[in-house]
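S.K.: For reference, the sequence and a predicted model appear below.
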Amino acid sequence: MPEAVRARLLLDCRNILAEGIQWNAEHKKLYWTDIHGRSLWSCNADGSGVEKIDFQKRIGSFAFTEQDGILLAQEDGLAHFDPVAAQLTELLEIEPDRPSTRLNDGRCDRDGRFVFGGLDEESLRPLSAVYSYGGGDTSQRLIDEVGCTNSLCFSPDGETMYFADSSGHKIFSFAYERKSGTLSGRAIFAELSGMEGAPDGSCVDAEGAVWNAQFEGGCVQRYLADGTRDIRVEVPVSQVTLACFGGDELSSLYIATGREGFSAERERAQPTAGGIFVAELDGIRGLPEARFRGALTL
């Protein structure tokens, strides 16, 4: 029977929908976005030193650039944020003809492209898509007819991309051509039962295993590279959105959660929902987060 690990609360920040969580090794800090709170948060590995930056638009995901700027997937397009100058520059509109969609999950591939996608906020209809951005003023469409983009992550060698449409219960794998950043060979990697919630964000560890956050499922499930279920990290709230490895040894699993749409009853039952949790994992290490390497038109 796979091992079960219990996560503990690190930071009781009460975000509406914490997402995009990642460890910045150079800063030695954890970063994440509260999407509906229109803010970017950070803290130290132990939960101290909390900082928050407010924005006008919602941020679904983000990536650090090689120049230590931040590439933001805002609700309606990509933007660059210079944290030193506190300057925001809009770069590229995405799906301007589809007002019910917004950008959601995103992550850099192993070669520094930003791969990201959207969701339909009305009813998760297949109206959005997954895109790749390598810089400049254009993006490349990778996957069409997406209801809710999630689980974007890459194998250690960069030759497999994972993706889930959270309107369903399957996590897919694709062969990823690193030179061109194109996809082929879509296959079902794992499937959640109807009682496990929906597949939300994922990350990959140094062994090539995929750690999937289960939204309304209250856990992060580790899948080995062949799709076999392994360790399950239990979280004491239902809306688990994304996990990442952090700390000096990349051995702590940090977990973002939400309380989107909670009733007063659910708030009372899950008072720490929207917080950041952590689990310590013996013998398992993560991978450094890739930075965006493309040239920006600012």
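M.R.: Structure received.
S.K.: Glu177: neighbour count?
M.R.: Using other CB atoms under 10 Å, the number of residues around Glu177 comes to 13. Where you see a C-beta, it was placed from the backbone N, CA and C, and this is true even at glycine.
S.K.: swap in the one 3 residues further on?
M.R.: Using other CB under 10 Å, Ser180 has 9 other residues around it.
S.K.: Could you report the distance from it to Leu91?
M.R.: 22 Å (CB to CB, to the nearest Å).
S.K.: Determine the longest strand present in this structure.
M.R.: Longest strand of the chain, by residue count under DSSP state E: strand 182-191.
S.K.: Just the buried positions in that one, please.
M.R.: Within strand 182-191, the residues scored as buried using 16 or more other CB atoms under 10 Å are 183, 189-190.
S.K.: Thr89 contacts Gln74, doesn't it?
M.R.: No. Using CB atoms under 8 Å, Thr89 makes no contact with Gln74, being 11.4 Å away.
S.K.: more neighbours, those two?
M.R.: Gln74 (24 against 14).
S.K.: how about the closest residue to the more buried one other than its chain neighbours, secondary structure?
M.R.: The shortest distance from Gln74 to any non-neighbouring residue, by CB to CB, 6 or more residues apart in numbering, is to Lys57 (4.4 Å). When classified by DSSP: H, G, I helix; E, B strand; the rest coil, Lys57 comes out as coil.
S.K.: Identify the residues contacting the lowest-mean-pLDDT helix or strand in the chain?
M.R.: Lowest by mean pLDDT, DSSP states H and E among the helices and strands of the chain is strand 4-6, with a mean of 94. Applying CB atoms under 8 Å, 6 or more residues apart in numbering, the contact partners of strand 4-6 are 231-234, 279, 281.
S.K.: And the strand or helix carrying Asn104, what's buried?
M.R.: Following DSSP states H and E, one finds Asn104 within strand 101-108. Within strand 101-108, the residues that count as buried by 16+ other CB under 10 Å are 101-108.
S.K.: Show me which of these is closest to Gly134.
M.R.: Within these, the smallest distance to Gly134 is 10.3 Å, found for Cys108 (CB to CB).
S.K.: Next one: the closest residue to the closest one other than its chain neighbours from Glu26, what distance?
M.R.: Distance criterion CB to CB, 6+ apart; nearest residue to Cys108, sequence neighbours excluded, is Ala290 at 3.9 Å. The gap separating Ala290 from Glu26 is 13 Å, by CB to CB.
S.K.: Determine how far the last residue of stretch 229-241 lies from the first.
M.R.: 19 Å (CA to CA, to the nearest Å).
S.K.: what's the offset of it from the middle of its chain?
M.R.: Relative to its chain's centre, stretch 229-241 lies at 15 Å (CA atoms, centre = their mean, to the nearest Å).
S.K.: pLDDT below threshold where in the stretch 1-150 of the chain?
M.R.: Residues of the stretch 1-150 of the chain meeting the criterion pLDDT under 70: 1-2.
S.K.: Could you tell me the end-to-end distance of stretch 198-215?
M.R.: Start and end residues of stretch 198-215 are separated by 5 Å (CA to CA).
S.K.: And Ala290 and Glu26? Which one has more around it.
M.R.: Ala290 (19 against 9).
S.K.: any idea of the angle the helix or strand hosting Val130 forms with strand 101-108?
M.R.: In the assignment (DSSP H and E), Val130 maps to strand 128-133. Angle, strand 128-133 to strand 101-108, by axes from the mean of the first three to the mean of the last three CA atoms, to 10 degrees: 40 degrees.
S.K.: elements contacting the helix or strand following strand 128-133?
M.R.: Next helix or strand after strand 128-133 toward the C-terminus (DSSP H and E): strand 140-146. Judged by 3 or more CB pairs under 8 Å, 6 or more residues apart in numbering; DSSP states H and E, strand 140-146 is in contact with strand 114-120, strand 128-133, strand 182-191.
S.K.: Just give me the residue closest to the centre of the chain.
M.R.: In the chain, the residue lying closest to the centroid (CA atoms, centre = their mean) is Gly20, at 3.9 Å.
S.K.: Buried ones in stretch 268-284, by neighbour count?
M.R.: For stretch 268-284, by 16+ other CB under 10 Å, it's 270, 272-279, 281, 284.
S.K.: Next, count neighbours for Asp120.
M.R.: Neighbours of Asp120 under the rule other CB under 10 Å: 19.
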